[in-house]
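Participant: Here's a sequence, model it:
(one chain, ligands or ions: 1)
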Amino acid sequence: MTSLVLFRHDLRIDDHPALAHGAKQGPVLPVFLSDPREDRGAAYQWWLRQSLRSLTQGLADLGLPLICRRGHSEEILPQLIQESGATQVYWNRRYAQAERERDQQLKSRLRQQGMVAESFPGDLLTEPWTLLRENQPFKVFTPFWKKFLQSIEPAQPCSLPQHWLAAPRLPASENPDDWHWEPRNPDWASPLLAYWQPGEPGAHQRWREFLDHRLRDYAKGRDFPALEKVSRLSPHLAHGEISPRRLWQMARERAAAEPGLRPAVDKFLQELGWREFSWHLLYHFPQLPTEPLRAEFRHFPWQEDRTSLQAWARGRTGYPMVDAGMRELWQTGYLHNRVRMIAASFLVKDLLLPWQWGAAWFWDTLLDADPANNNASWQWVAGCGTDAAPYFRIFNPSLQAAKFDPEGHYQRRWVPELAALPNSALPSPWAYPETLESLGIQLGRDYPLPIIDHAVARERALAAFQRISVRTGDHNL
Ligand SMILES: Cc1cc2nc3c(=O)[nH]c(=O)nc-3n(C[C@H](O)[C@H](O)[C@H](O)COP(=O)(O)OP(=O)(O)OC[C@H]3O[C@@H](n4cnc5c(N)ncnc54)[C@H](O)[C@@H]3O)c2cc1C
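Facilitator: Sure, this is the predicted structure:
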């Protein structure tokens, strides 16, 4: 009666409904099934390798060896079933279209063969089909979240069984090192370990540290990249190392114990709500990663300029806040939300580059690359999502820098060639020629000249948006 439990983007033991269910039935065979059709970007895959090491250890501590296999799931799974003699297969649900369809086909095929095949709630607070208005998906966040808070109580995280039984017959495992997710020549990824501890214990440690030390100032501090008031849980969530149900439950408990924390907890849960909303959009609008959700944007006059893309991606636009963000991303695999918005807005509105180009770069370089959050956010910034920023709200990168990095700590950290500039000059150094000269800084030599004049770019963007006569809603930036 061995139960095969599949792990995909849910690399944890705590609140893993399929694992908990399998363990209650009897012997368990945990399998990490890597389907190449589901690979994400390079940074995500690197983290995945680290996270697998941690999961292997965590399961081994319970006496359960993790079997790793790579290939098309419809081919690998029958082999594993045969080699292990398993009669039951369990997994947590996934909500992106291709993965969902693959899992559904798997389920019907297994059932036709007389196997027990069952799926369980995945890594969301609620299943995306449960929250609708008049049978239609929500398209705007505010009513979505209002209805969520009124009508949904996320399930309690499932409890761990007392006893674990390993499967008597163990198929051979592949070595994930052979899948080459850790770059060698050059090894650009190892330095990331200075910033992160991939794996379930690292996720819980970061979460506890956030609850104890940063949550209190989250609501006010979360917009200031230099303050480090955000949780930085996103790579852990993207790899399923901690479940949103666990975050929900623990955050609520903390607010109950300390009522003064309630506003901060509500704000944090609302951000988890944005994650939920993005997945809701991806589930109901599977074209989200490729097609603008507002049809009129299909005719938007994007500029296909690879040189500008290169300058943006490398942090060499001449706008210190944009460049700081893009360099943070390159060096740490993470980018603060406020700076994601500034850098993304610069790409789509100042440079008029297709949002899909920016999304592709983020996909490859973000440790938290997530098909729902990434594409929904890019569509939101570009103005072509269902709940998008109005087109006339074009971020001025210098004003954003002055407002959200007033002391310049963030810009100085990532753009050290300008570190000597006074706070007032840092966001737009080209406007302070005398200061530059007195400090011996020459734009074009020590730091790029702006690749575009923001005022000109703004007019160009407005003209382009007007040509497709977009009607927009409002959004609280
Ligand atoms: C252009 C762009 C691209 C993005 N791409 C991704 C991506 O690939 N993966 C990703 O996880 N997030 C993405 N985001 C959303 C957001 O920037 C990150 O989730 C957040 O910065 C992660 O940092 P944190 O964990 O410290 O967030 P916290 O502020 O601590 O929030 C806690 C959690 O809530 C969720 N969350 C917070 N803000 C958002 C948001 N605006 N949208 C959706 N979920 C949110 C995340 O899961 C996050 O880990 C993107 C945002 C923009 C503007």
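Participant: Check Ala264 and give its pLDDT.
Facilitator: At Ala264, the pLDDT value in this model is 97.
Participant: likewise the one 5 residues further on?
Facilitator: Looking at Leu269, its pLDDT is 98.
Participant: Quickly note the distance from the residue nearest to it when sequence neighbours are not counted to Ile67.
Facilitator: Using C-beta to C-beta, 6 or more residues apart in numbering and skipping the chain neighbours, the partner closest in space to Leu269 is Ala251 (6.0 Å). Heads up, the C-betas are built off the backbone N, CA and C, glycines and all. According to C-beta to C-beta, to the nearest Å, Ala251 stands 34 Å off from Ile67.
Participant: do Phe7 as well
Facilitator: For Phe7 relative to Ile67 (C-beta to C-beta), the value is 10 Å.
Participant: Might one say that Leu19 is in contact with Ile13?
Facilitator: Yes - using C-beta atoms under 8 Å, Leu19 is in contact with Ile13, at 6.6 Å.
Participant: and the two? which has more neighbours close in?
Facilitator: More crowded of Leu19 and Ile13, by other C-beta atoms under 10 Å: Leu19, with 30 against 20.
Participant: all helices in the stretch 101-250 of the chain, in order from the N-terminus.
Facilitator: 141-151, 200-209, 218-221, 234-238, 244-257 (DSSP state H, counting those that start in this stretch).
Participant: Pro30 should be in a helix, yeah?
Facilitator: No - under the criterion used here (DSSP: H, G, I helix; E, B strand; the rest coil), Pro30 is strand, not part of a helix.
Participant: show me what contacts it?
Facilitator: Residues in contact with Pro30 (C-beta atoms under 8 Å, 6 or more residues apart in numbering) are Val5, Phe7, Leu19, Leu59, Leu64, Pro65, Leu66, Ile67.
Participant: do that again at 6 Å, thanks
Facilitator: The neighbours of Pro30, taking C-beta atoms under 6 Å, 6 or more residues apart in numbering as the test, are Val5, Leu59, Leu64, Leu66.
Participant: Trp302 now?
Facilitator: Leu352, Pro354.
Participant: Asp10: which element?
Facilitator: Using DSSP states H and E, Asp10 sits within no helix or strand.
Participant: wait, it sits on Arg94?
Facilitator: No - assessed by C-beta atoms under 6 Å, Asp10 is found out of contact with Arg94, at 8.7 Å.
Participant: Thr365 reaches Tyr44, doesn't it?
Facilitator: No - applying C-beta under 6 Å, one finds Thr365 not in contact with Tyr44, separated by 9.3 Å.
Participant: Let me know the angle separating the lengthiest helix in the chain from helix 244-257.
Facilitator: Across the chain, the longest stretch assigned as helix under DSSP state H is helix 262-284. For helix 262-284 against helix 244-257, the angle by axes from the mean of the first three to the mean of the last three C-alpha atoms, to 10 degrees is 160 degrees.
Participant: what's next to helix 262-284, contact-wise?
Facilitator: Contacts of helix 262-284 (C-beta under 6 Å, 6+ apart): 95, 124-125, 128, 137, 141, 144-145, 215-216, 218-219, 244, 251, 255, 288, 372-373, 376.
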